[in-house]
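Novice: Okay, sequence plus prediction incoming.
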Amino acid sequence: MATIETQGFTLDNSGQRIVVDPITRIEGHLRIEVNVDKNNVIRNAVSTGTMWRGLEVILKGRDPRDAWAFVERICGVCTGVHALASVRSVEDALGIKIPKNANIIRNLMHATLYAQDHLVHFYHLHALDWVDIVSGLKADPRKTSELAQSISPWPNSSPGYFREVQSRLKKFVDSGQLGIFANGYWGNAAYKLPAEANLMATAHYLEALDFQKEIVKIQTIFGGKNPHPNWLVGGVPSPINVDGTGAVGAVNIVNLNMVKDICDRTIEFVDQVYIPDLLAIAGFYKDWAKIGGGLSGQNVMSYGEFPDIANDYSNNSMLLPSGVILGGDLKKVLEIDLKAQDQVQEWVAHSWYKYADPTKGLHPFDGVTDPEFVLGPGTKGTRTNIENLDESAKYSWVKSPRWKGNAVEVGPLARYLVAYARGNKEIQEQVNGALKALDVPVTALFSTLGRTAARGLECQWAAHKMRYFYDQLMANIKAGDLNTANVEKWEPASWPAEAKGVAPCEAPRGALAHWVKIKDTRIDSYQCVVPTTWNAGPRDQKNQIGAYEAALLNTPMVNPAQPLEILRTIHSFDPCLACATHVMGPEGEELVSVKVR
Amino acid sequence: MIETYYDLMRRQGISRRSFLKFCSLTAASLGLGDAGAQQIAQAMQTKQRTPVVWLHGLECTCCTESFIRSAHPLAKDVVLSMISLDYDDTLMAAAGHQAEAALEQTIAKYKGNYILAVEGNPPLADDGIYCIPGGKPFVEKLRHVAKDAKAIVSWGSCASWGCVQAAKPNPTQATPVHKVITDKPIIKVPGCPPIAEVMTGVVTYILTFDRLPDLDAQGRPKMFYSQRVHDKCYRRPHFDAGQFVEHFDDAGARMGYCLYKVGCKGPVTYNACSALRWNEGLSFPIQSGHGCIGCSEDAFWDKGSFYDHLTTIRPPGNLGIEGTADRIGLTVVAAAGAAIAAHAAVSAVKQARSKTRNDKVAEAEK
């Protein structure tokens, strides 16, 4: 290949090839290969999902009421979102309406996940791309304290506090056992923070690690455990009994008080730690407001999330609206219909699957997954020892989903752009405030930095919404409504012989939907098209690139041997590869020939 | 210079007095006496942090997520002060070549002395190409790292049993660790995921006593997996009294009655959920109104619906509770068509208990 022109990008794979595998600090297994030109600028990018689990094959023939538990195990990081997508889809198929309390509790659990997942992503999966932990050793604790107090009222900010953190860090480094920090890119010129900011961020890395486990306790109260709380078709499993006989064994006033406390502490932590840190760090990396935009300035999509009205997934109800923006036209937000055959489709021209007609995309209700692990003629290495992939052929376990044929980006930035374009006042105020604080133009949103900032703002939004949902729940209980489950159609005998359903969902990482077909009370086919499939997917039959590949293009690297810049942009999407790679044939045919070793 | 836990704690400003108090509390929480406390103190003053390599195969990362929920000890203290987590693709700073170099350094430097923790499992179908981190089948990486490991911890139901991707028809031939690595001590810590403090409890036990915990015949630590969820369930009196939830959100549900009739698998599930509970002892599935789905049991995905109602339940009475529950358990699985396997499992656990007792007697006689 010489060059390929697509979607306004030029791909050129003639320069030095760099492989990053594994991409760490993500969920699942992802490989990135790029070519850099003689100035170390990325001119070609190849995104490869390197795992496949076949979960939907496993779902065939199961009880649809059990499906949530299987698909919940697609991902333990965004735990619960697949369960939520599943119960919504089964309810859509069977015409089940959930009680108001169930809707509020689901929203509360889901907002809880948004807050916790975004927080963990920022501090534990993404921060080390921007924060040079080792540089914090050189910081002056007094100046660190001044810095911290100048940006936030958060109380853990004395010189003594930062001295203690620094001393712990020093002893850790002096021990010679660097553990998870071994072989990091410390000292790379791409790190721009002063030592004091590095020390402050390191302290908050540790504080956030302690605090995240508090947030999820809301899921434990309503779902019994976290990760992987329990869900229920028709509502939620947790009964409410505030003051009657046996209240002590149900969701009662004690638990509800704890929920309120957690909501308030989460708001406090995000407002006083995450957001000030995000803005402070972003201030030193404004050049990244011009890097890594990829598809975000062109095509973005959101299915909408947080139905304020039970059983209404339209934009009358969704607190984060749905819609598609194409060609960067914020004045025209297009409507999504998940059941329309010509909207969501998946292609496999460059994925390790085969279709009867490889020139066509398939709607998820008609989806086919027939694994075909073949490597192109330009591959270096062997099938079980791949050195370089050949992107002109098949090169990923992820499919290429398209909306009306268009590659789109999904995730917090996409949701925020759609909400902004739809005129959502809350989101507009938040975004405008952040742009002003950083003194950057609105185009700064279309970048690696914009993606990372949108996630932080959404975390803040979600934290405040947790409290909003809590207040809703209390008001509804006060009004005398204790119902949490609708069991009218619990018994399979009450179901039609055949049914199919799909409902929108927005996972922390972006648009998610499960398409389920039920026949004779059993699952006949089950298809998930998940956020990371949209973002990490390979090229399609027209060589259109997906969001990861687009975002990496034209990025200058300081030192191609140290892939810091690649990590920054890829992490800004918060990849989840276990989610991205698993699909099934509608007939549940045997998909692989199993060799017994 | 060798850095011990004690050195680290002292340098963090923890006094010797507090250190010793910590040792007694740890000993007490593990059910050990003064001698245990002394042993812990001794161990913590003489050891370098144990290197741990944490690999990920086909999985969902729920085990890592659970691990970082640990409150006692805090995950940050485990990672910074107790172990040296030298490789873990979910948390480590380095990527690509630098990450793989860190792995090789650990293997070379600590040959025979590092612990391998495995989350997820290797798919064996089609030469292993369904999981190819680093461009090679995961099973090769697993074998490579296992070769020089001191012991292996199989985190969660994926590594221990196969879990969801190994549910029928197991399209990728996802295979638990012990079926691939047969020459190393393996501790299974099943659950989807395991409870956070069970995970850190296993780690601290190994570090403290420099030995693996007592295991049952299936390789699970007896301290956490020798009793059923049903045995310690706070709703057990309602089971014994015949007070059941008939439908979700009915009057019985709101009064906290037994969830047995809406499918609870507590009677056939060996785990610590009802005793330790989740997220700092806050709740567990049954307490929050949903039956146990049996997520720490082998092949729990293939034992029928999570809501399957047991049909031949015998009211508790002259047979005694223990006998009844066993019978109930067998009935559930028999209904799902796996009676032999389940019977074998239950018997195996019973044998394991008596086997260990015998072993102890034999040891004492030596």
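Specialist: Cool, got the structure. Numbering: from 1, shown residues only, chains lettered A, B, ... in the order given.
Novice: I figured A:Ala201 hits A:Val131, correct?
Specialist: Yes. Using Cβ atoms under 8 Å, A:Ala201 is in contact with A:Val131, at 4.3 Å. Using the backbone N, CA and C atoms, a C-beta is placed for each residue, glycine as well.
Novice: list residues touching both of these two?
Specialist: Counting by Cβ atoms under 8 Å, 6 or more residues apart in numbering or on different chains, the residues touching both A:Ala201 and A:Val131 are A:Leu193, A:Ile281.
Novice: Just the pLDDT for residue 306.
Specialist: No chain was given, so I picked chain A. Here, the pLDDT recorded for A:Phe306 equals 98.
Novice: oops, I was thinking of chain B
Specialist: For B:Phe306, the pLDDT comes out at 96.
Novice: In space, what's closest to it - neighbours in sequence excluded?
Specialist: B:Ile293 (4.7 Å; Cβ to Cβ, 6 or more residues apart in numbering or on different chains).
Novice: Surely the one you found and B:Lys265 touch.
Specialist: Yes. Here B:Ile293 reaches B:Lys265: they are 6.0 Å apart, a contact under Cβ under 8 Å.
Novice: hang on, the earlier thing: got the phi and psi for the residue nearest to B:Phe306?
Specialist: phi -100, psi 0 (degrees, to the nearest 10).
Novice: partner strands of the helix or strand where A:Gln527 lies, parallel or antiparallel?
Specialist: Using DSSP states H and E, A:Gln527 sits within strand A:522-529. Sheet pairing of strand A:522-529 (DSSP bridges) gives strand A:510-519 (antiparallel).
Novice: got the CA positions of the strand it pairs with in PDB?
Specialist: C-alpha atoms of strand A:510-519 as PDB (Å, rounded to 0.1, in the frame of the first residue of the first chain):
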ATOM      1  CA  GLY A 510     -20.700   4.900  25.000                       C
ATOM      2  CA  ALA A 511     -23.600   3.600  23.100                       C
ATOM      3  CA  LEU A 512     -24.700   0.100  24.000                       C
ATOM      4  CA  ALA A 513     -27.600  -2.100  22.900                       C
ATOM      5  CA  HIS A 514     -28.600  -5.800  23.000                       C
ATOM      6  CA  TRP A 515     -30.900  -7.200  20.400                       C
ATOM      7  CA  VAL A 516     -32.800 -10.300  21.700                       C
ATOM      8  CA  LYS A 517     -35.100 -12.700  19.900                       C
ATOM      9  CA  ILE A 518     -37.200 -15.100  22.000                       C
ATOM     10  CA  LYS A 519     -38.800 -18.200  20.700                       C
END
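Novice: quick revisit: where do the contact lists of B:Ile293 and B:Lys265 overlap?
Specialist: Common neighbours of B:Ile293 and B:Lys265 (criterion: Cβ under 8 Å, 6+ apart): B:Phe300, B:Phe306.
Novice: For the stretch 351-500 of chain A, just list every one of the helices.
Specialist: A:412-421, A:425-438, A:448-478 (DSSP state H, counting those that start in this stretch).
Novice: Tell me which residues touch the closest residue to chain A within the stretch 1-150 of chain B, please.
Specialist: Nearest residue of the stretch 1-150 of chain B to chain A, counting by Cβ to the nearest Cβ: B:Cys62, 2.4 Å away. Contacts for B:Cys62 (Cβ under 8 Å, 6+ apart) come out as A:Arg73, A:Cys75, A:Gly76, A:Val77, A:Thr79, A:Pro227, A:His228, B:Gly156, B:Cys192, B:Pro193.
Novice: Correct me if wrong: the first one contacts B:Val164.
Specialist: This points to A:Arg73. Yes. Assessed by Cβ under 8 Å, A:Arg73 is found in contact with B:Val164 at 4.2 Å.
Novice: so what sits against both of the two?
Specialist: A:Leu55, B:Cys60, B:Cys192.
Novice: just those now: which is nearest A:Val34?
Specialist: Within these, the smallest distance to A:Val34 is 27.9 Å, found for B:Cys60 (Cβ to Cβ).
Novice: Quick check: chain neighbours aside, which residue is closest to that closest one?
Specialist: A:Gly76 (4.1 Å).
Novice: Ramachandran angles for the closest residue to A:Gly223 other than its chain neighbours?
Specialist: Closest residue in space to A:Gly223, ignoring its immediate chain neighbours: A:Pro229 at 2.3 Å, by Cβ to Cβ, 6+ apart. When read as degrees, to the nearest 10, the backbone of A:Pro229 gives phi -70, psi 170.
Novice: Equivalent analysis for the one 5 residues further on, please.
Specialist: When read as degrees, to the nearest 10, the backbone of A:Gly234 gives phi 100, psi -10.
Novice: so what's it closest to, chain neighbours aside?
Specialist: Per Cβ to Cβ, 6+ apart, closest to A:Gly234 is A:Asn486, 4.6 Å.
Novice: my guess is the one you found meets A:Gly235, correct?
Specialist: Yes. Under the criterion of Cβ under 8 Å, A:Asn486 makes contact with A:Gly235 at 5.7 Å.
Novice: Which one's more surrounded, the two?
Specialist: Neighbours were counted for A:Asn486 and for A:Gly235 using other Cβ atoms under 10 Å in any protein chain shown; A:Gly235 has more, 28 against 20.
Novice: Look up how far A:Glu91 lies from the more buried one.
Specialist: 9 Å (Cβ to Cβ, to the nearest Å).
Novice: B:His178: neighbour count?
Specialist: With other Cβ under 10 Å as criterion, B:His178 counts 17.
Novice: If I look at the most centrally placed residue in chain A, what pLDDT would I see?
Specialist: Nearest to the geometric centre of chain A sits A:Arg509, at 1.6 Å (Cα atoms, centre = their mean). For A:Arg509, the pLDDT comes out at 97.
Novice: Residue of the stretch 1-150 of chain A nearest chain B, please.
Specialist: Closest point on the stretch 1-150 of chain A to chain B, by Cβ to the nearest Cβ, is A:Gly76, at 2.4 Å.
Novice: So that residue, which state does it fall into?
Specialist: Under the three-state scheme (DSSP: H, G, I helix; E, B strand; the rest coil), A:Gly76 adopts coil.
Novice: can you list the shared contacts of A:Arg73 and B:Val164 in a markdown table and add distance to A:Gly456, secondary structure and pLDDT?
Specialist: Putting the shared contacts of A:Arg73 and B:Val164 into a markdown table (distance: Cβ to Cβ, whole Å; DSSP: H, G, I helix; E, B strand; the rest coil; pLDDT from 0 to 100) gives the following:
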| residue | distance to A:Gly456 | secondary structure | pLDDT |
| --- | --- | --- | --- |
| A:Leu55 | 31 | helix | 87 |
| B:Cys60 | 25 | coil | 95 |
| B:Cys192 | 31 | coil | 98 |
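Novice: Just put these in TSV and tack on neighbour count.
Specialist: As requested, the shared contacts of A:Arg73 and B:Val164 are exported to TSV (neighbours: other Cβ atoms under 10 Å in any protein chain shown):
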residue	neighbour count
A:Leu55	25
B:Cys60	35
B:Cys192	29
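Novice: List the contacts of residue 132.
Specialist: Chain wasn't specified; assuming chain A. Contact analysis of A:Asp132 by Cβ under 8 Å, 6+ apart lists A:Trp186, A:Gly187, A:Asn188, A:Tyr191, A:Leu193, A:Asn198.
Novice: wrong one, chain B
Specialist: B:Ile132 is in contact with A:His29, A:Thr50, A:Met51, A:Thr384, A:Ile386, B:Phe138, counting by Cβ under 8 Å, 6+ apart.
Novice: Okay then, goodbye and thanks.
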